[in-house]
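Colleague: Structure for the following, please:
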Amino acid sequence: MKYLLMGGASSSILVHGLSWLYGSSGGEIELQEIVNGLINTQMYNSPGISIALISITVGHGFKISPAPFHQWTPNVYEGVWFVRQIPTSISISEKEVRNPLFDSDSPTPVVAFLSVTSKVAASASATRILDIPFYFSSNEWHLLLEILAILSMILGNLLAITQTSMKHMLAYSSIGQIGYVIIGIIVGDSNDGYASMITYMLFYISMNLGTFACIVLFGLPLCLLSLGGLPPLAGFFGKLYLFWCGWQAGLYFLVSIGLLTSVLSIYYYLKIIKLLMTGRNQEITPYVRNHKRSPLRSNNSIELSMTVCVIASTIPGISMNPILAIAQDTLF
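Modeller: This is a model prediction of the structure:
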């Protein structure tokens, strides 16, 4: 319900901002024509454009869930499914806690889908809308996104450390990851910012989906290490290229925050891997155990998808040039 209400509210705010663009440009709907319309009507520096910028930023903010628009994310990750399943007993901390590691309120495939699709689509939409119609307001939206990126990287990673639920931890981790993606949006078409953003988003999809597959099968830490940005995995090269583009664009403070929070994120990813390696994984819940051993269901598709995600989280970082060449020609 929270996802439905927040999604509806954010969509309304987004449409409100787009309506200001439509009216200010003289009724144009094509992005480039909107720019021409704003020039013709001399409205590109008007208060209406400022309202449109704020509304569109807020609307996209709820979709990609950077801080402070992240309030819905942990609850949705944990509670997409309203029918409670068998409670579990394993937790990230050494003590039994209220939020279990494998809380099954949310079916993992649904959470995995929500964790990447809305963010990828909203990031692509925000990139095109901010870069083209708001070309004359680039300083303003750069400042807005810098604030969102800093808040997301700091709050997302700090809050992820304190979580005892796996899905809550991944929810706050995704907030921090979006902060890194925003760096690519700010850098823009110069210094290959968009190419670095697309490349990192591709790696993020495989890393995140692979991590959620590991929740079901409880066995592989590679995707977590890749999310943490450890070499020679794909996440390391994705972050390296993203931060290098930001550094070349002069975003020194933003990149420094990104580097520090990336190191911080390794702590809670390694905390999960510690559980995978210390034998407590033998205490698998009945829900997960039945999922693995049920004779009525084949795990081949899950194992195949997990294998693909793990490979995509590991190998592509070694040969980045073809991926970057494709990414550079994608948006513009």
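Colleague: count of neighbours near G8?
Modeller: Neighbourhood size, G8 [other C-beta atoms under 10 Å]: 11. The C-beta positions use only the backbone N, C-alpha and C, and glycine is treated the same way.
Colleague: Please apply the same query to Y269.
Modeller: Y269 has 23 neighbours, counted by other C-beta under 10 Å.
Colleague: Check whether F203 really touches F236, as I assumed.
Modeller: No: F203 is not in contact with F236 according to C-beta atoms under 8 Å; the separation is 9.4 Å.
Colleague: Between those two, point out the one with more neighbours.
Modeller: For F203 versus F236, neighbours defined as other C-beta under 10 Å are more numerous around F203 (27 against 18).
Colleague: Helix or strand: which one has the more buried one?
Modeller: Following DSSP states H and E, the helix or strand that holds F203 is helix 193-217.
Colleague: and after that helix, which helix or strand comes next?
Modeller: Per DSSP H and E, the first helix or strand lying C-terminal to helix 193-217 is helix 222-228.
Colleague: following that next one, which helix or strand comes up?
Modeller: As assigned by DSSP H and E, the chain's next helix or strand after helix 222-228 is helix 234-248.
Colleague: helices or strands up against that next one?
Modeller: The contact analysis (3 or more C-beta pairs under 8 Å, 6 or more residues apart in numbering; DSSP states H and E) places helix 234-248 against helix 166-187, helix 193-217, helix 222-228, helix 252-277, helix 300-314.
Colleague: how about TSV for the ones you listed, with mean pLDDT added?
Modeller: Listed next are the helices and strands packed on helix 234-248 as TSV, based on pLDDT from 0 to 100:
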stretch	mean pLDDT
helix 166-187	87
helix 193-217	72
helix 222-228	80
helix 252-277	87
helix 300-314	59
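Colleague: Minimum distance to Y241: which of those helices has it?
Modeller: Across those, Y241 has its closest neighbour in helix 193-217 (4.7 Å, C-beta to C-beta).
Colleague: Using the record's assignment, carve this protein into domains.
Modeller: Split into domains by automatic domain parsing, the chain comes to 1-64, 90-328.
Colleague: Where does the prediction get shaky in the protein?
Modeller: Confidence mapping of the chain against pLDDT under 70 gives the ranges 1, 79-115, 189-191, 210-220, 276-332.
Colleague: Recalculate using a threshold of 80.
Modeller: 1-4, 7, 75-118, 165-167, 188-193, 195-196, 199, 202-223, 232-234, 272-332 (pLDDT under 80).
Colleague: Understood, closing this out.
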